[in-house]
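[1] Sequence first, then the predicted structure:
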Amino acid sequence: MALDKPYLDIPGTTIFDAEQSRRGYHLNQFCMSLMKPENRQRFKAGERAYLDEWPMSEEQKQAVLARDLNRCIALGGNIYFLAKIGATDGHSFQYMAASMTGMSQDEYAKMMLSGGRSPDGNRYLHERQAGPLRVKSNG
Amino acid sequence: MARITASVYTSHIPAIGAALDLGKSAEPYWQPVFRGYEASQAWLKENTPDVVFLVYNDHATAFSLDLIPTFAIGCAAQFRPADEGWGPRPVPMVQGHPELAAHIAQSVIQDDFDLTIVNRMDVDHGLTVPLSLMCGQPSAWPFAVIPFAVNVVQYPAPSGRRCYLLGKALRKAIDSFDAPLKVQVWGTGGMSHQLQGPRAGLINREFDNAFLDRLIADPQAQSRVPHIDYVREAGSEGIEMVMWLIARGAMRDDQPGDPRPKVVHRFYHVPASNTAVGHLILENH
């Protein structure tokens, strides 16, 4: 019998479970390697060559090169690991978070200042209308 | 005998550490956050423990995907603040308490909680930001710290129930340590936040405050709340709140008729970067 995964119907959310972890193992371990300054330097000097040292899928490599964090997550990336790419690029976490929501960093920061994204309408897939996630503020 | 005197609960947002380290704590954005901890710092000066048992989670710092322990207890004499990609935070080395840590490990494992014993580990913002919030910027931390890392990176984290019961086993272990130590248990992480995907930025004030209410008055009921409720209501990273139940389970009010712990301080603020800040201090009677 399959495991119960009640979290699959939360909109805009990928839970990093055993299946995602298995899929993203090399992608996440690549991110982990960026904790060392010498590796950050090598990655910056030649991203493609550095990525080719890792047994990642071509799709994963393309997602990293494009800095498409949502795609990275779909392919097994975990945000705590992916954050190390942003750190290497010199970006704040808020910049990375905004990039996944389709908002500018400024719009995202304003949403947070006015109380963040409301859970209303964002709990279940069936609540969602077509189009971007609701950004109704709590404030 | 050692005894648990109080428990402290707080978010451990990395941007708070950065604000402090870069001298931005007086800026209007950060003022409300740090003001919420002024009374706590004064309280801690009056009530300095010998040891803090600090429950936190590692954020892909000490543990990569090579090794994912659900519960890991730091038994070393010292723990270095980790380089998380920007260089280590300029904070003091964390001094451990190997004797008490080893005693706790032995006792708690015999109570059926299979801890991973860690004798070498760097500690990230999950551990050092709570120390900074509660102690400010001293040249040395004023107590020993036993780091206790809980997996909340790969789903599933341990259940709230498991965490709450672990707190009870922890209290039993500390109560049986043969030295007159004052110990505090700190639970950190949360509150509502989601750091990933198009739903990033989720904040749920109602859920957070109901959590605080129930953590104080009915932790048993809160311990039965399933993971999915945290994830759906408080965001994918809101699941960190289960760690607070370890600290709450260690308090001395689990027998019928026991008085509830005294609420010394309660604080809530939105936002700090992407996250809701929650904070609570409870004292045993």
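    Structure's in. What do you need? Remember, it's a predicted structure, so these values are computed and weren't measured experimentally.
[2] Got phi/psi on B:G187?
    The phi/psi pair for B:G187 (degrees, to the nearest 10) reads phi -110, psi 130.
[3] Just grab the bridge partners of it for me.
    B:Y9, B:V55 (DSSP bridges).
[4] And the helices in chain A, which stretches?
    A:18-23, A:25-33, A:37-45, A:47-51, A:58-65, A:69-74, A:79-89, A:93-101, A:105-113 (DSSP state H).
[5] who's in contact with A:I79?
    Applying Cβ atoms under 8 Å, 6 or more residues apart in numbering or on different chains, we find A:I79 in contact with A:16, A:69, A:73, B:195-196. Yep, even glycine has a C-beta here, placed from its N, CA and C like the rest.
[6] Neighbours of residue 6, how many?
    Here I'm looking at chain A. Neighbours of A:P6 under the rule other Cβ atoms under 10 Å in any protein chain shown: 13.
[7] hmm, I had chain B in mind actually
    Counted by other Cβ under 10 Å, the residues lying close to B:A6 total 22.
[8] What values do phi and psi take at the residue of chain A found nearest chain B?
    Closest approach between chain A and chain B, counting by Cβ to the nearest Cβ: A:G116, at 2.8 Å. Backbone torsions for A:G116, taken as degrees, to the nearest 10, come to phi 90, psi -180.
[9] mind listing what the closest residue to it other than its chain neighbours touches?
    Excluding the flanking residues, the one nearest A:G116 by Cβ to Cβ, 6 or more residues apart in numbering or on different chains is B:I203, at 2.8 Å. B:I203 makes contact with A:112, A:115-118, A:138, B:192-193, B:235, B:270-271, B:275-276 under the criterion Cβ under 8 Å, 6+ apart.
[10] Next: B:D254.
    Counting by Cβ under 8 Å, 6+ apart, B:D254 touches B:K168.
[11] And the residue nearest to A:G116, how far from A:S114?
    When distance is defined by Cβ to Cβ, to the nearest Å, B:I203 is 10 Å away from A:S114.
[12] what's the answer for B:F113, then?
    Going from B:F113 to A:S114 by Cβ to Cβ gives 42 Å.
[13] Who has more neighbours out of these two?
    In this view B:F113 and A:S114 are compared by other Cβ under 10 Å, and B:F113 has more residues nearby, 19 against 15.
[14] Looks like that one contacts B:A72 (just checking).
    No: if you go by Cβ atoms under 8 Å, B:F113 and B:A72 don't touch, sitting 11.7 Å apart.
[15] Count the residues that sit near B:P49.
    21.
[16] check contacts around residue 12.
    In the absence of a named chain, chain A is used. Per Cβ under 8 Å, 6+ apart, neighbours of A:G12: A:122, A:133, B:197-200.
[17] Chain B, not that one
    By Cβ under 8 Å, 6+ apart, B:H12 lies in contact with B:56, B:125-127, B:129-130, B:188-189.
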